[in-house]
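predicted model follows, preceded by the sequence.
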Amino acid sequence: MIIVIKPDSKPEEVERLSQALEERGFHIHRSQGRDHLILGLIGDTKSIEESTIRSQHIVEKVIRVNEPYKKANRAFHPADSVYNIGGKQVGGDSLTVIAGPCSVESEDQILSIAEDVKKSGAKMLRGGAFKPRTSPYSFQGMGTNGLELLLHAKKLTGLPIVTEIMDLSQLPMFSEVDVIQVGARNSQNFTLLKELGRTKKPILLKRGMAMSLKELLMSAEYVMAGGNDNVILCERGIRTFETATRKTLDLSAIPVLKNKTHLPVIVDPTHATGLKWCVEAMSKAAVAAGADGLMIEVHNKPEEALCDGEQAITPEEFDGIMKKIARYAELEGKSL
């Protein structure tokens with residue numbers, strides 16, 4: 001349930017109403033807009049008569065929210081959420097591009113790529129230290145050594161880093177990571193999501209391979225219910241009957257999510273298609289559809305990559321794509 005407070009209502013009267021509702025067992029989520037204060041009631045509101053709330057002279061209107069996700073719901077938070085991560089804006093009028101290799105492989109590799117993508121306008125550096133692979137015989141990442149190399153690249157370039165967590169035991173290692181990525185395979189690992197809700201670090205939550213948008217928002221709700229409102233959603237392709245691409249990039253998810261939630265929405269065109277020659281087209285399409293950012297795999301020697309080399313683009317190709325999407329971003333009122 002959402003309670004819209006009239007402009008110029010006295011703070012003490014708002015506080016009295018809030019306390020009365022909290023005494024009935026509801027958690028109150030406050031969102032201050034330009035003109036109105038919105039009180040979002042979290043809990044089972046079936047017992048509340050709307051007319052009783054509306055009778056309060058400070059209440060302008062009451063709206064029932066039928067969706068099970070509350071804190072992630074745009075009705076609770078009408079304005080877009082905008083985050084400052086290491087001095088880089090995510091959301092709002094900024095198009096945030098996160099770029100880097102699928103896996104950290106060596107110091108020379110990650111430093112070279114970090115410097116190149118920064119020159120081209122990337123705002124954050126991605127790189128996998130712990131890799132969830134379909135085959136147990138595939139390269140699984142460098143682990144803690146990979147994390148140390150990412151942090152070294154961050155120190156030298158100033159780029160905030162984004163990397164994936166695999167399980168709770170790794171969380172203490174992520175103290176200096178700027179954005180913790182939850183991959184598609186862990187997107188409904190509710191124990192992990194609850195624990196990440198107790199941190200204050202931004203969480204990049206990827207959509208599961210067979211996940212509905214409602215389920216994605218419920219996973220975000222798990223993080224936010226723990227007190228961490230810094231969630232970024234990522235559309236990275238879903239599994240369909242089509243086999244021409246690795247997955248099917250659901251571009252319609254962007255406007256639907258932007259309608260349903262205030263959280264930033266970014267797109268990973270690399271994993272969605274699995275084809276390097278599709279990355280440019282899908283990046284442009286994502287920006288045109290309203291995405292707040294892109295996550296693109298870049299490797300200085302894709303032919304020698306230990307992980308997903310066939311879908312990675314070179315730094316030179318990345319630079320060309322950045323120049324093109326800058327024009328698309330401008331049409332959408334955003335800047336790189």
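Good, I have the coordinates. Residues are numbered from 1 along each chain as shown.

CA atoms for contacts and neighbours, from now on please.
Will do.

phi first, then psi, for the spatially most central residue of the chain.
Geometric centre of the chain, nearest residue: Ile232, 1.6 Å, by CA atoms, centre = their mean. Backbone torsions for Ile232, taken as degrees, to the nearest 10, come to phi -120, psi 130.

I'd say Asp167 and Leu192 touch.
Yes. Taking contacts as CA atoms under 8 Å, Asp167 lies within contact range of Leu192: 6.7 Å.

which one of those two is surrounded by more residues?
Leu192 (20 against 13; other CA atoms under 10 Å).

contact partners for that one?
Counting by CA atoms under 8 Å, 6 or more residues apart in numbering, Leu192 touches 167-168, 186.

one more time with 7 Å, if that's ok
By CA atoms under 7 Å, 6 or more residues apart in numbering, Leu192 lies in contact with 167-168.

buried sites along the helix or strand hosting Tyr222?
Here Tyr222 sits within helix 213-225, counting by DSSP states H and E. For helix 213-225, a neighbour-count test (16 or more other CA atoms under 10 Å) marks 213, 215-225 as buried.

also stretch 57-77?
58-59, 61-62, 65, 69-77.

right, and the helix or strand after the helix or strand harbouring Ser283?
Ser283 is part of helix 279-288, with elements assigned from DSSP H and E. Per DSSP H and E, the first helix or strand lying C-terminal to helix 279-288 is strand 293-297.

off-centre distance for whatever helix or strand comes next after that next one?
Later in the chain than strand 293-297, the nearest helix or strand by DSSP H and E is helix 315-331. On the basis of CA atoms, centre = their mean, to the nearest Å, helix 315-331 sits 21 Å off its chain's mean C-alpha point.

go on, stretch 196-204?
11 Å.

over to stretch 152-165?
On CA atoms, centre = their mean, the centre of stretch 152-165 falls 17 Å from that of its chain.

again, but for stretch 27-40
23 Å.

what's the first-to-last distance across that stretch?
8 Å (CA to CA, to the nearest Å).

okay, now the domains of the chain?
2-63, 83-331 (automatic domain parsing).

contacts for stretch 325-336, please.
So stretch 325-336 is contacted by 93-96, 121, 284, 287-288 (CA under 7 Å, 6+ apart).

cool, and stretch 152-163?
86, 110-111, 114-115, 123-129, 150, 177-181.

still on that earlier bit, for the residue nearest to the centre of the chain, give me the pLDDT.
pLDDT recorded at Ile232 is 98.

again, but for the one 5 residues further on
Gly237 is assigned a pLDDT of 96 by the prediction.

gap between it and Glu297?
15 Å.

just the ones of the contacts of stretch 152-163 in strands?
124-126, 179-181 (DSSP state E).

can I get these in CSV with distance to Asn145 and pLDDT?
What follows is the ones in strands among the contacts of stretch 152-163, written out as CSV (distance: CA to CA, whole Å; pLDDT from 0 to 100):
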residue, distance to Asn145, pLDDT
Met124, 20, 98
Leu125, 16, 98
Arg126, 15, 97
Val179, 18, 98
Ile180, 17, 98
Gln181, 18, 98
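
most neighbours of all the residues you listed, which one?
Result: Leu125 is most packed of those (other CA under 10 Å), 31 neighbours.

what sits closest to that one if chain neighbours are left out?
In space, and not counting its chain neighbours, Leu125 is closest to Ile161: 4.8 Å by CA to CA, 6 or more residues apart in numbering.

remind me which residues of this structure are low pLDDT?
In the predicted model, the chain carries pLDDT under 70 at residues 133, 137.

try 80 this time
Along the chain, the parts satisfying pLDDT under 80 run over 33-34, 46-47, 66, 131-141.

redo the buried residues of stretch 57-77 as CSV? Include secondary structure and distance to Lys6.
Shown next, in CSV, are these (DSSP: H, G, I helix; E, B strand; the rest coil; distance: CA to CA, whole Å):
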residue, secondary structure, distance to Lys6
Ile58, coil, 5
Val59, strand, 6
Lys61, strand, 8
Val62, strand, 11
Val65, coil, 19
Tyr69, coil, 25
Lys70, coil, 22
Lys71, coil, 21
Ala72, coil, 23
Asn73, strand, 21
Arg74, coil, 19
Ala75, coil, 16
Phe76, coil, 16
His77, coil, 16
